[in-house]
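> model the following, please.
(2 chains)
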Amino acid sequence: MEPSLYTIKAILILDNDGNRLIGKYYDNTFSSIKEQVDFEKILFNKTHKANGEIIMLDNLTIVYRSIVDLFFYVIGSTSDNEIMLVSVLNCLYDSISQILRKNMEKKYLFDYMDAVELTVDEICDNGILMETDPTAIAQRAGLKDDVPLGEQTVMDVVKSARDQLKWSLLR
Amino acid sequence: MLGKKDSKKDDESGGSNPFKNLEKASVLQETRTFNETPINAKKCCLILTKILYMINQGEHLAPTEATQAFFAMTKLFQCKDVMLRRMLYLCIKEMANIANDVIIVTSSLTKDMTGKEDIYRGPAIRALCRITDNTMLQSIERYMKQAIVDKSRSVSSAALVSSLHLMKQGPEVVKRWVNEVSEAVNSDNVMVQYHALGLLYQIKKNDKLAITKLVSKFSKSSLRSPYAYCFLIRVAAHQLEEEKDGFDKTLFDFIESCLRHKSDMVIYEAASAIVSLKCTTSKELVSAVGVLQLLCSSPKPSLRYAAVKTLNKISITHPAAVTACNIDLENLITDQNRSIATLAITTLLKTGNESGVDRLMKQIASFMSEISDEFKIVVVDAIQSLCLKFPRKHNVMMSFLASMLREDGGFEYKKAIVNTIIAIIEENPEAKESGLSHLCEFIEDCDFLPLATRVLHLLGREGPRTTTPAKYIRYIYNRVILESAEVRAAAVSALAKFGASSDDLLPSILVLLNRSKLDEDDEVRDRATFFYDILSQNDKALSSAYILNTLNVSPVSLERALLQYNQSVTEKPFDIKVVPTIEVTESHKPSAETSLPKTVKPTDKPAASRQDLYSEQLSAIPEFAHLGPLFKSSAPVDLTEPETEYSVKCVKHTFTNYIVFQFDCLNTLNDQLLEKVVVKMDTADGYEIISYKTCPKLPYNTPGVAYTLVKIPEDPSQVVATFGCNLKFVVKDCDPNTGEPDNEEGYQDEYGLENVEVTVSDHVQKVLKPNFGASWEEVGAENELEDTYALSMPSLEEAIKNIIQFMGLQPCERTERPPEGKNTHVLLMAGIYRGGHDVLVRAKLAYNDGGVAMQLTIRSSDSIVPQVIAQAVG
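Numbering: from 1, shown residues only, chains lettered A, B, ... in the order given. Next up is the predicted model:
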């Protein structure tokens, strides 16, 4: 097989019902939106309980990671270097974690939807890995005139801690 | 703040998705806000996010809708807000393929890409390259060259990656930037280096020498980026695979040196490259296997998965090399990630010895229910290869497969199990009875119609030849009572086969068939009536022709022939002989490819065979339209040495009275254009050359086809011939880059090809007769020819292989594999001779002292045919 930089087939973020929050497909492995959604459903069913990090499905290698109600997936072909895919996944996870200020939950993700879109765009351009440094990505994507982390109110921090605990018990 | 307000509201109502119920019409309506002055950046940003989210969810935008929104978006370039501008770029990229006239933003984007703000420049380049085409590219070429060597890493990476995308449309312009790209490879930034290396390879990939230099250059000056290293390893490995002559030691040494890199990613890439190379010997594998062994005990699941997946791959080609890791693999059997555990066990099954099989099977049985169907299929495949390796273990395997059959599972999984059981039955006669009884049990409760019909068909074929055929009849008749119409029909056919093969069972079968004559389904009723009437004639020839050895035509061709017949106005009855017989395909062998899970997309239609394709191509040529149905097409034969100026392959198409030679030509000289290409043939063997069909143009690297039509001699015994071949053509020198000829005047030239042989096997089509004995009696001894020969062959196997090859007939009843350690064997072969005559051959072989004695008996429905077939040996 010819060497190529086109290594990422798709990047997905699903919620805890398996619904798509972000779904970027970079080639035509799935020809229609219906096939994509069907695939996502199967993938979610196979991965939402198992704490496995890696799975092979439909002749694709998929690495995944989840927290609270967010599920992150990076999809490559079976000939791809699995360790490289994991590095992409970790980069995606860490960048979004920085952008959401560690509040890794669906409702916060919606608040920062624009920055999340930019993050995915910074990580991957049409299937080519662009950048793997989460700090650089978060800087470029999350240009917000926001309150810095240090100035978050104590209440906010306590609330987010409580939420995290709640979710970890629910799972 | 974006969406903050909405989500606050949602928090109160339970925190749901603020983007959930977006209406396409209302979102598009909102784009009017873009026209307001001054521009409200936050509001507009939210609208853009909504559009992106909508597209992301799969909402379809019509071109007019998208174009309208796109034109509204262009207004937003007036606003200086950074976030808004970035979202604007994203939307432009998303809509580039949906909206029309997207190039109107070219000037705005060019301004941003050449501006001072680094944060804009990279994304602007990427957006610009998405909407630009080859003609526009010239105008931004200067800026792209600058951007590639820009000191900002995001700008440089953006330019390099965009250039890679542009290579797909037109590589010529991008190739001119090779100097800038080479400079970028030396960048300090890891990602820039990776992208530059990828682009440089893409530019130079057709130049083998340049690539070898590239690898050796960068393998010495150590790269900073592990990604670039992985890519370079792939390039080196690809280069090694491509090289036909010789083995470049420096390339291999580079890959091996990467096994000692500090990054896991690079180490694994190198190990997996070494493992995948075809030329790797077991000695060279040792270091790669050592690395994989270490990865097996990594705390990270992905590393363990990668390692065991690669080891699994080696276990097929070099099982001995993996034995060193057996202990590590044993530890992985109980891995939390079941994919890893399954791969570990199947690897052990392939490398281990016979004694360990029972233990491993027990281990895997403990978690079969937890793993996905894909991996269950891996296990089934491993069991199949194991059964072939240790035939004595078939008892354990069979009972394991039977228990898997009883569990729940999808169609693909059950199909794999049934296929495996059938394969074991075919390979190992001892396993037949137990395999058949497991399958009988399976169809008692089977939800998959195709599998039930397949098993019934197999029972019909194999059941009558077992020691107690009567016991299968109950299972089959149960299907007749309980199942849907499709299965009932298959069961009726299976019953008929028992009746045709055994006189003892015939009366009972007739009683059972008689009951089905009143079935509510047309097909079942028709079959039962048909079989009942044939069987009650008690005529062996009839039973053989219509029950045991049925039609051997390909369904696709039959359908086409019937359609043609229906459309033509004719009094003549339909002649089944015009339909080409189906080619017997090689039985499925487990290959290296099947070691990993595959999902095969089910095809709706049976694929047309190779011969059907040829038949369609030939009938489209007016010169060949009158030749009648295509009887047989041979496999392509090379008429040139590999790696010469022109490559020519010949396919022989046999018709009833003619042969068409198809010459697939390829011109491998990029400075020549060939015209009026024709293959001149001559022969002294009575064949008459009727006409040539030239290939008008043969440009560089584009395949072309020339044909020669030849009439077969009237004398039916004259079949073999040798043809001398010469390739004749007009050469025009041309520019290698454009392919345009330098001048209109060419010159005649010719090129000698190897001879083409027409042999007996070209006149015979293979046909598999599932019940040879019945057909033998059906044809009868009328045109029998018997002769004895002494063959100087070193073994029975060798003799059988040669006889099959010379005669071109299909060995039947698995007689092509003589039992081991025996000196005598009977080979049975069947086929159809050109013109539609059945040919059956029985060859009794005896081996003694360096020679094989053969008594050959040939039967046919035509009197000349046996003599012709006998020629093949003489």
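> residues of stretch B:474-486 that come out buried?
Residues B:475, B:476, B:477, B:479, B:480, B:483, B:486 are the ones in stretch B:474-486 that count as buried (16 or more other Cβ atoms under 10 Å in any protein chain shown). Glycine gets a C-beta too; all of them are placed from N, C-alpha and C.
> with secondary structure added, can I get those residues in a markdown table?
Compiled in a markdown table, the buried residues of stretch B:474-486 are given as follows (DSSP: H, G, I helix; E, B strand; the rest coil):
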| residue | secondary structure |
| --- | --- |
| B:475 | helix |
| B:476 | helix |
| B:477 | helix |
| B:479 | helix |
| B:480 | helix |
| B:483 | coil |
| B:486 | helix |
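> name whatever forms a beta bridge with residue B:787.
Beta-bridge partners of residue B:787, counted by DSSP bridges, are residue B:856.
> was I right about it contacting residue B:871?
No: Residue B:787 lies out of contact with residue B:871 (Cβ atoms under 8 Å); the separation is 11.1 Å.
> more neighbours: these two, which one.
Applying other Cβ atoms under 10 Å in any protein chain shown to residue B:787 and residue B:871 shows that residue B:871 carries more neighbours, namely 16 against 13.
> all helices of chain A, in order?
All helices of chain A, identified by DSSP state H, fall at A:33-47, A:82-99, A:106-111, A:113-123, A:134-141, A:154-170.
> the nearest residue to residue A:125 once chain neighbours are set aside: what secondary structure?
Excluding the flanking residues, the one nearest residue A:125 by Cβ to Cβ, 6 or more residues apart in numbering or on different chains is residue B:161, at 5.0 Å. Under the three-state scheme (three-state DSSP), residue B:161 adopts helix.
> residues near residue B:161, how many?
Neighbours of residue B:161 using other Cβ under 10 Å come to 28.
> cool, and residue B:419?
Neighbours of residue B:419 under the rule other Cβ under 10 Å: 16.
> likewise for residue B:686?
Neighbourhood size, residue B:686 [other Cβ under 10 Å]: 13.
> and the gap between it and chain A?
Distance, residue B:686 to chain A, by Cβ to the nearest Cβ, to the nearest Å: 50 Å.
> can I get the buried residues of stretch B:474-486 in CSV with pLDDT?
Formatted as CSV, the buried residues of stretch B:474-486 follow (pLDDT from 0 to 100):
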residue, pLDDT
B:475, 86
B:476, 86
B:477, 86
B:479, 82
B:480, 82
B:483, 76
B:486, 86
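> show me which of those is closest to chain A.
residue B:486 (27.2 Å; Cβ to the nearest Cβ).
> any idea of the pLDDT on residue 35?
Here I'm looking at chain A. In this model, residue A:35 is scored at 90, pLDDT.
> not quite, I wanted chain B
At residue B:35, the model reports a pLDDT of 83.
> for the one 10 residues further on, same thing?
At residue B:45, the pLDDT value in this model is 88.
> leaving out chain neighbours, which residue sits closest to it?
In space, and not counting its chain neighbours, residue B:45 is closest to residue B:84: 4.9 Å by Cβ to Cβ, 6+ apart.
> now swap in residue B:496 and tell me
Nearest residue to residue B:496, sequence neighbours excluded (Cβ to Cβ, 6+ apart): residue B:531, at 3.7 Å.
> distance check, that neighbour against chain A.
From residue B:531 to chain A the distance is 43 Å (Cβ to the nearest Cβ).
> ok, that residue - contacts?
B:492, B:493, B:495, B:496, B:499, B:513, B:547 (Cβ atoms under 8 Å, 6 or more residues apart in numbering or on different chains).
> next one: residue B:508
residue B:473.
> and the residue in the stretch 751-874 of chain B that chain A sits nearest to, how many neighbours?
Using Cβ to the nearest Cβ, the closest approach of the stretch 751-874 of chain B to chain A is made by residue B:751 at 31.6 Å. Using other Cβ under 10 Å, residue B:751 is surrounded by 17 other residues.
> then residue B:445?
Residues near residue B:445, counting by other Cβ under 10 Å, number 9.
> what of residue B:847?
21.
> beta partners for it?
Beta-bridge partners of residue B:847, as defined by DSSP bridges: residue B:852.
> how close does the closest residue to residue A:138 other than its chain neighbours sit to residue A:21?
Distance criterion Cβ to Cβ, 6+ apart; nearest residue to residue A:138, sequence neighbours excluded, is residue A:98 at 3.9 Å. The gap separating residue A:98 from residue A:21 is 18 Å, by Cβ to Cβ, to the nearest Å.
> what of residue A:36?
Separation of residue A:36 from residue A:21 (Cβ to Cβ) stands at 14 Å.
> kindly report the same for residue B:669.
Applying Cβ to Cβ, the value for residue B:669 to residue A:21 is 56 Å.
> which one of these two is surrounded by more residues?
residue A:21 (22 against 15).
> now do that one, the pLDDT please.
So residue A:21 comes in at 91 (pLDDT).
> just residue B:375 next, same as before
So residue B:375 comes in at 75 (pLDDT).
> again with residue A:118
Confidence at residue A:118, expressed as pLDDT, is 91.
> same check, this time on the one 5 residues further on
With respect to pLDDT, residue A:123 has a value of 93.
> surely it touches residue A:95?
Yes: in this structure residue A:123 lies within contact range of residue A:95 using Cβ under 8 Å: 7.1 Å.
> now do the shared contacts for these two.
The contact sets of residue A:123 and residue A:95 overlap at residue A:137 (Cβ under 8 Å, 6+ apart).
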